[in-house]
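Enquirer: sequence first, predicted model second:
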Amino acid sequence: MPDESRSSVNNLRPFWMPFTANRQFKAAPRMLVSADGMYYTTDDGRTVLDGTAGLWCVNAGHGRKKIVEAVQKQVAILDYAPAFQMGHPGAFELASRLAQLAPGDLNSIFFCNSGSEAVDTAMKIAIAYHRARGDGTRTRIIGRERGYHGVGFGGISVGGIVTNRKFFGSLLTGVDHLPHTHDIAKNAFSKGQPEHGANLADELEKIVTLHDASNIAAVIVEPLAGSTGVLVPPKGYLEKIRAICDKHGILLIFDEVITGFGRLGTAFGADKFGVIPDMMTTAKGITNGVIPMAAVFARDGIYDAFMNAPENTIELFHGYTYSGHPIAAAAGIATLDVYRDEQLFERAAEMAPYFENALHSLKGTKHVIDVRNLGLVGGIELEPRAGKPTARAFETFLKAYEAGVLIRTTGDIIALSPPLIIEKHEIDRIVETLAKILPTVE
Ligand SMILES: Cc1ncc(COP(=O)(O)O)c(C=O)c1O
């Protein structure tokens, strides 16, 4: 008798893969079957060094025993509890831990399941907040060119990655975009924050003049833009954005889905840059990528503004079946324990200068037109192949994978974001692999 379950497992057709060239992948699949520490294992038994923390999420490295055990324990005790009008202790404990970790008074935590949901949630809270205060004309939200805020209609509308927007109709109305901050002519090969570009924040004043502050609810930016190819904010830029928002009563949302949980050597990007937003969206590293979870952090004043109606009314008509899911909450608590006990944020900060020097040794390597970095994030920009944008980076990705190193590419940019447990010899291996491969790439 044919083993039907097996044959259906081997049929690659039904799974419509996200953000993937499906036909190309299915013709030559790259399958990961297990993971431990800094390494994946493939279905043909090779180990692959994880230079990307999965998708910017496995900050403490793979297969962490404490997190695995917390998940196993929780699923046996309480598999699910309704999220509306009911509670369970884990969600409250995790929210308290997150509030303690957050800078300033970002003390109110709204749980979601993905970065995209967190972004939609923050946008909705921003608009509803102004309305709750009698400022209901403030509905417009300002994003930024090249911004990535996930794939919900809210996120792609304020986001600025053209391919993520152009296929999907008219998107949300009532948005506008700041210019992006990438200026390779002035800032190429910057170590850390680039010198030039703080003045680009002044464009926000122009946008405010165009629409009038009375119509603007919020500005949303990634403190360091990751998915577009690692754009580090110019010195002074975020401070200016904060000041302009304050001047006009506009909420500032930092999308910290990538920068949260130690990536920059601090708990959040807000800590690294010394700029505190009114809301933060987070996901990924919140559970070390083990169970889907996301959280929006809001300042006290935002939460309080919703608490004025009679006590028996629902203050915010928003939430998800799995908001604060018990297993995700358990994974989140254990993850925060690992970060704390192993001082992984501090470790990332200590390792950052070594990572920086290693990456910048690629200056002068064939095709490399820029290297940029902050914390344990690195971007290596390649000169695109004439008439074939993205092809050169994708070839590099394939060759690196064959050589046992997982990198990520976006456009013609290589983005590196290894787990925060990476050792120096592993940084060397990533960089040496790229140095060897790039001259062989067409
Ligand atoms: C800054 C930022 N926001 C939002 C998202 C979307 O997160 P998710 O894929 O969990 O929806 C991402 C994902 O990479 C991101 O980098």
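Expert: Okay, I see it.
Enquirer: give me the neighbour count for the residue in the stretch 101-250 of the chain that the ligand sits nearest to.
Expert: When CB to the nearest ligand atom is the measure, the stretch 101-250 of the chain has its nearest residue to the ligand at G115, with 2.2 Å between them. To be clear about C-beta, it is placed using only N, CA and C from the backbone, and glycine gets the same treatment. Neighbours of G115 under the rule other CB atoms under 10 Å: 29.
Enquirer: got it, and V68?
Expert: Every residue meeting other CB under 10 Å relative to V68 is counted, giving 13.
Enquirer: distance of the closest residue to it other than its chain neighbours relative to F254?
Expert: Counting by CB to CB, 6 or more residues apart in numbering, V68 lies nearest to V290, which is 7.7 Å off, once chain neighbours are set aside. Note on V290: its distance to F254, by CB to CB, to the nearest Å, is 24 Å.
Enquirer: neighbour-wise, which of those two wins?
Expert: Set side by side, V290 and F254 show more neighbours around F254, with 31 against 25, by other CB under 10 Å.
Enquirer: tell me the secondary structure at the residue nearest to V68.
Expert: coil (DSSP: H, G, I helix; E, B strand; the rest coil).
Enquirer: hmm, it is touching T335, no?
Expert: Yes. Taking CB atoms under 8 Å as the contact criterion, V290 and T335 are neighbours in contact, 7.3 Å apart.
Enquirer: which residues are common contacts for the two?
Expert: 64, 67 (CB atoms under 8 Å, 6 or more residues apart in numbering).
Enquirer: for the ligand, what are the nearby residues on the stretch 51-200 of the chain?
Expert: Counting by CB under 6 Å from any ligand atom, the stretch 51-200 of the chain comes close to the ligand at 114-116, 119, 148-150.
Enquirer: between the residues you listed, which sits nearest H180?
Expert: Each of these was checked against H180 using CB to CB; the closest is Y148, at 11.2 Å.
Enquirer: so what's the residue count around that closest one?
Expert: If you count neighbours by other CB under 10 Å, Y148 ends up with 25.
Enquirer: helix or strand: which one has it?
Expert: Here Y148 sits in a region with no helix or strand, counting by DSSP states H and E.
Enquirer: that one contacts N164, doesn't it?
Expert: Yes. Y148 is within contact range of N164, at 7.4 Å (criterion: CB under 8 Å).
Enquirer: how is the chain partitioned into domains?
Expert: Structural domains assigned to the chain are 4-60+343-440, 68-341, following automatic domain parsing.
Enquirer: mean pLDDT for those - can I get that in a markdown table?
Expert: Below are the domains of the chain laid out as a markdown table (pLDDT from 0 to 100):
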| stretch | mean pLDDT |
| --- | --- |
| domain 4-60+343-440 | 96 |
| domain 68-341 | 98 |
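Enquirer: not counting sequence-adjacent ones, nearest residue to the residue most central in space within the chain?
Expert: The residue at the geometric middle of the chain, judged as the C-alpha nearest the mean C-alpha position with CA atoms, centre = their mean, is I258 (2.6 Å). In space, and not counting its chain neighbours, I258 is closest to G226: 3.9 Å by CB to CB, 6+ apart.
Enquirer: now the phi/psi pair for the one you found, please.
Expert: Main-chain dihedrals, G226, degrees, to the nearest 10: phi -100, psi -60.
Enquirer: minimum distance to the ligand, which residue of the stretch 151-300 of the chain gives it?
Expert: With CB to the nearest ligand atom as the measure, the residue in the stretch 151-300 of the chain that lies nearest the ligand is V257; the distance is 3.5 Å.
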